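Asks: Attaching a predicted model along with its sequence, questions to come.
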Amino acid sequence: MQASFDSSKKWYYAGLLSIMLAVAALYFYSDKKDFCPEPQSRQDASGLDYQYARSFVYFYYYTGHFPLSTLRTEVAYSKSSANDEIEANGRDLVMEIGHWSRLGEHARIWAFMPDAWLRGSPKNPSVKTFNALVFCLGLLSLFHGLFRMGHTRLAFLIPGIVLCLPFFHYEVFSRQNLFGLQGSVFMLVMGQILPWCAAGKKNRMIGFLLLLILALIIGVAAEMRNENIILLMACCVMILLGHEQSIKNRLLYCGLLVLFTVATRQGVQSYFQNKFDQTKILVAQKKGHVYTGKRIKGHQFWHPVFCGLGDFDRKHGYAWKDQVAYQYAIPILRDRYQISYPYHPDSLHFQAWYDSARLYYIKFDEIEAYEKVMKEKVFNDIQQDPGWYFNILQKRIFRILHDCLPFSNAGFLFFPAIALVYVRKQRQYLALLLASCLPCAVTLLIHSGLGATLNPLYGIVALAILIDFLFSYLNHKWLLGRPDTRSTQKQSSK
């Protein structure tokens, strides 16, 4: 039998303590020895671009200016030294390193702050503390939510499986990147939304407050990596399929969640736009290198779609390589849009700059016509050769099911698990399973190679549900086979 929240507080607190101790052990172990990227890690994208990102931490931590860095390699680490650096070496101030700050997702800079606050310095900045903190909160949240609903075994199973996976060991505790963030945030929001959905009628103000909290979490996560916006849809699926209230109320909740999330993202973008405007004025006053080029809110869509179509073949000239897309676009940009910047075939940008000092090169992402060229190419090839595209989708689906967490082919467990919870009419389990597979949409539509399929947790959820059912079934059979149970049943029948 599954224990209730009130009668099993010792198991509840034991579970919370176990999660915190396990995360702490992984965190401190990783200080001595890095976890290995094999056998589970993402190699499909650069992500955070740590070598560029770290350059902006110094001034943001000490002065709040962003995006601001310096061409000088030696700086003293204190607030007064940072201010002196601005005053004494203003001509070395820059607003861009590589192409890190101009492509949006500025909230990534916040991922460095917990570690800097913990150590009292932004020297050798790291995102490991942030990743470990969100990961721990996600595990605790999911454990709490499932335990509160009375799903005790599942509350132990899912966090237990996650804590054993090499993917999270590497991406959370050893890698200077944010590829483990989606799984952590998924657990964090699901742990909050599950008990609320199962509670039925409840104080509406509590529901609105919860939706606001979920929106803040998802909105900030999406401003760190755009792909995390898919978690908004996962929450909507959870509400629509798992909530006990009327369909009218469920639609209202989904609408509010979307509204709050959009507002959160706009708030974050406005905050960093103000930071940019203030920093631009400062750098101009100090005779530094003002960035006057174009900026975008986040990574473009059609460029990765173009590259992703090279998942399995080069039939129409696609490949998961930026330069392949650039080389395709160059003749069209020159002939149709009169964009005549010189370009080297192996480069990630034009051989042209926004500034005379040649610090800020012009990149394809900032040119609106480039996205149009990518979109046109993709649509034309799909229309002319739909069989080729559907073949790619089929292969991606198989790869999603095969190359997934917690182990190869675990994705196929989704089908018996979904059938089981449907037959047993376990509404919240059904919603959780479907919500957990939604992040697969990103890999299905864009790219499925090089570990891109390792983000979704649906394989873990499916495995845990099947283990939970098997344990319940065997426990029931064992109880029926006990002599005292049989005698009790005979007396009851008499």
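Replies: Received the coordinates, thanks. Residues are numbered from 1 along each chain as shown.
Asks: what about the stretch 51-200 of the chain, any weak spots by pLDDT?
Replies: For the stretch 51-200 of the chain, the stretches with pLDDT under 70 are 200.
Asks: change it to 80
Replies: 199-200 (pLDDT under 80).
Asks: for the stretch 301-450 of the chain, what spans make up the helices?
Replies: Assigned by DSSP state H, counting those that start in this stretch, the helices in the stretch 301-450 of the chain fall at 302-308, 322-337, 368-384, 386-402, 414-423, 427-437, 440-445.
Asks: now these as JSON lines including mean pLDDT?
Replies: Formatted as JSON lines, the helices of the stretch 301-450 of the chain follow (pLDDT from 0 to 100):
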{"stretch": "helix 302-308", "mean pLDDT": "96"}
{"stretch": "helix 322-337", "mean pLDDT": "95"}
{"stretch": "helix 368-384", "mean pLDDT": "96"}
{"stretch": "helix 386-402", "mean pLDDT": "97"}
{"stretch": "helix 414-423", "mean pLDDT": "96"}
{"stretch": "helix 427-437", "mean pLDDT": "94"}
{"stretch": "helix 440-445", "mean pLDDT": "95"}
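Asks: between those, which one is nearest to residue 361?
Replies: When the helices of the stretch 301-450 of the chain are compared by Cβ to Cβ, helix 322-337 sits nearest residue 361, at 12.9 Å. (C-beta placed from N, C-alpha, C; glycine too.)
Asks: what's the spacing between that closest one and its chain's center?
Replies: 31 Å (Cα atoms, centre = their mean, to the nearest Å).
Asks: Export the helices of the stretch 301-450 of the chain as TSV, with columns for mean neighbour count and distance to residue 109.
Replies: Formatted as TSV, the helices of the stretch 301-450 of the chain follow (neighbours: other Cβ atoms under 10 Å; distance: least, Cβ to Cβ, whole Å):
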stretch	mean neighbour count	distance to residue 109
helix 302-308	22	23
helix 322-337	17	24
helix 368-384	16	26
helix 386-402	15	32
helix 414-423	16	37
helix 427-437	23	29
helix 440-445	19	23
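Asks: Including distance to residue 228, could those helices go into TSV?
Replies: What follows is the helices of the stretch 301-450 of the chain, written out as TSV (distance: least, Cβ to Cβ, whole Å):
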stretch	distance to residue 228
helix 302-308	15
helix 322-337	22
helix 368-384	21
helix 386-402	18
helix 414-423	22
helix 427-437	14
helix 440-445	10
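Asks: Residue 148: which of those is closest?
Replies: Ranking those by proximity to residue 148 (Cβ to Cβ) places helix 427-437 first, at 11.5 Å.
Asks: Just the CA atoms of that closest one, as CSV, please.
Replies: Below are the C-alpha coordinates for helix 427-437, written out as CSV (Å, rounded to 0.1, in the frame of the first residue of the first chain):
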residue,chain,number,x,y,z
ARG,A,427,-5.2,10.6,-15.2
GLN,A,428,-2.2,12.3,-13.6
TYR,A,429,0.1,9.6,-14.7
LEU,A,430,-1.2,9.8,-18.2
ALA,A,431,-0.7,13.6,-18.3
LEU,A,432,2.8,13.3,-16.8
LEU,A,433,3.9,10.8,-19.4
LEU,A,434,2.6,12.9,-22.3
ALA,A,435,4.1,16.1,-20.8
SER,A,436,7.5,14.4,-20.4
CYS,A,437,7.7,13.4,-24.0
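Asks: about what we covered before: for residue 159, find the nearest of the helices of the stretch 301-450 of the chain.
Replies: Between those, helix 427-437 lies closest to residue 159; by Cβ to Cβ that is 13.9 Å.
Asks: what comes up buried for the longest helix seen in the chain?
Replies: Ranked by residue count under DSSP state H, the longest helix found in the chain is helix 247-285. Going by neighbour count (16 or more other Cβ atoms under 10 Å), the buried part of helix 247-285 is 250, 252-254, 256-258, 260-261, 264-265, 268-269, 272, 275-276, 279-280, 282-283.
Asks: How far away from the center of its chain is that helix?
Replies: Worked out by Cα atoms, centre = their mean, helix 247-285 lies 18 Å from the chain centre.
Asks: Quick one: list the elements packing against it.
Replies: Judged by 3 or more Cβ pairs under 8 Å, 6 or more residues apart in numbering; DSSP states H and E, helix 247-285 is in contact with strand 93-94, helix 204-222, helix 230-242.
Asks: So for residue 153, which of those sits nearest?
Replies: Residue 153 lies closest, by Cβ to Cβ, to one member of the helices and strands packed on helix 247-285: helix 230-242, at 19.0 Å.
Asks: For the closest one, what does the pLDDT average out to?
Replies: Per-residue pLDDT over helix 230-242 has a mean of 95.
Asks: go on, stretch 472-489?
Replies: pLDDT averaged over stretch 472-489 gives 66.
Asks: So residue 283 sits against residue 93, correct?
Replies: Yes. Between residue 283 and residue 93 there is a contact under Cβ atoms under 8 Å: 4.9 Å.
Asks: Overlap of the contact sets of those two?
Replies: 68, 289 (Cβ atoms under 8 Å, 6 or more residues apart in numbering).
Asks: Look up the closest residue to the residue nearest to the spatial centre of the chain, ignoring the ones flanking it.
Replies: Compute the mean C-alpha point of the chain, and by Cα atoms, centre = their mean the closest residue is residue 182, 2.7 Å away. Spatial nearest neighbour of residue 182, excluding adjacent residues (Cβ to Cβ, 6 or more residues apart in numbering): residue 455 at 4.9 Å.
Asks: Equivalent analysis for residue 389, please.
Replies: Here the residue nearest residue 389, using Cβ to Cβ, 6+ apart, is residue 382, at 4.6 Å.
Asks: go on, residue 294?
Replies: Nearest residue to residue 294 in three dimensions, chain neighbours excluded: residue 366, at 3.8 Å (Cβ to Cβ, 6+ apart).
Asks: Check the gap between the one you found and residue 293 for me.
Replies: According to Cβ to Cβ, to the nearest Å, residue 366 stands 7 Å off from residue 293.
Asks: before we move on, what about residue 461?
Replies: Counting by Cβ to Cβ, the gap from residue 461 to residue 293 is 44 Å.
Asks: okay, these two: which has more neighbours?
Replies: residue 461 (28 against 16; other Cβ atoms under 10 Å).
Asks: Might one say that the more buried one is in contact with residue 157?
Replies: No. With contact defined as Cβ under 8 Å, residue 461 does not reach residue 157; the gap is 9.4 Å.
Asks: residue contacts, residue 178?
Replies: Per Cβ under 8 Å, 6+ apart, neighbours of residue 178: 47, 48, 108, 111, 127, 131, 224, 225.
Asks: Tally up the residues packed near the residue nearest to residue 251 when sequence neighbours are not counted, please.
Replies: Once flanking residues are discounted, residue 251 sits nearest to residue 240: 7.7 Å by Cβ to Cβ, 6+ apart. Residues within reach of residue 240, counting by other Cβ under 10 Å, total 17.
Asks: I'd say residue 240 and residue 255 touch.
Replies: No. Look at residue 240 against residue 255 with Cβ under 8 Å: they stay out of range, at 11.3 Å.
Asks: In contact with residue 320, which residues?
Replies: With contact set as Cβ under 8 Å, 6+ apart, residue 320 has these partners: 44, 307, 308, 310, 311, 447, 449, 450.
Asks: Check the residues you listed for burial and list the buried ones.
Replies: Neighbour-count burial (16+ other Cβ under 10 Å) applied to the contacts of residue 320 gives 44, 307, 308, 310, 311, 447, 449.
Asks: Against residue 356, how distant is the second one?
Replies: Pointing back at residue 307 there. 33 Å.
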